[in-house]
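Engineer: Fold the following.
(one chain, ligands or ions: 1)
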Amino acid sequence: MKKPNTKNCHEVVEEHRISSPVGIFLVKSCHKGLHYNGLDGKVTDENFTPNNRTHVGLLGEVSTKNIPTPVIETLSWMQAYFENPAQVQHLPIPNVCALEDKQGSFTVQVWKELAKVPVGEIVTYGQLANKLNNPGAVRAVGSAMKNNPVCLVLPCHRVVRANGMGNYHGGTRNSMKAWLLHHEGITKFQ
Ligand SMILES: [Zn+2]
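Structural biologist: Model prediction:
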């Protein structure tokens, strides 16, 4: 994933880390919203070792007192997601600063449409483009997925190709995509 989109927000951004069954997530957030959520470090298909028993928790924090609300919301969201993904359907997604785009760029429109794809459902790049009344924008949809600043929260792993699962993280974390989809009950990419 590329650098977080910070052009819509100039607040001070803090970094925190959350452990999870698929690895440690780096969370960057200001007090208003998330700037980034993604696996920390060089996780690839070669070294991906999911562990269902890993507790989802904030690393290195004794108290959650001074931690930005969006980080706490992300923690709760991820705890629910990894325990039973169906639970997050009832949770609001944490605020994401990159979505606060007054110009309404196509990328942001794609992210907002992506946010509506429910747990356990997949959509193709073409279907997402159609939903935005822009059937020719399949490549732009692909590029918006590549630039998704908040992995999981904006579920780019639910976007697949018409003829297969498609890539994740530039094709380097496809095992993680398959794991996430399987976790949500989609077994056909195993
Ligand atoms: Zn912000």
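Engineer: So which bits of this structure are right by the ion?
Structural biologist: The chain has residues 9, 11, 30, 32, 33, 97 near the ion, with proximity defined as C-beta under 5 Å from the ion. Where you see a C-beta, it was placed from the backbone N, CA and C, and this is true even at glycine.
Engineer: what residues are up against the fifth one?
Structural biologist: What that stands for is residue 33. Residue 33 is in contact with 9, 70, 94, 95, 96, 97, 99, 100, counting by C-beta atoms under 8 Å, 6 or more residues apart in numbering.
Engineer: Out of the residues of the chain next to the ion, who's the most crowded?
Structural biologist: Each of the residues of the chain next to the ion was scored for neighbours by other C-beta atoms under 10 Å, and residue 97 scores highest at 26 neighbours.
Engineer: Output the residues of the chain next to the ion in JSON lines; the columns should cover pLDDT and secondary structure.
Structural biologist: Output for the residues of the chain next to the ion, formatted as JSON lines (pLDDT from 0 to 100; DSSP: H, G, I helix; E, B strand; the rest coil):
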{"residue": "9", "pLDDT": "90", "secondary structure": "coil"}
{"residue": "11", "pLDDT": "92", "secondary structure": "coil"}
{"residue": "30", "pLDDT": "96", "secondary structure": "coil"}
{"residue": "32", "pLDDT": "95", "secondary structure": "coil"}
{"residue": "33", "pLDDT": "96", "secondary structure": "coil"}
{"residue": "97", "pLDDT": "95", "secondary structure": "helix"}
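Engineer: Right, I'll call it a day here.
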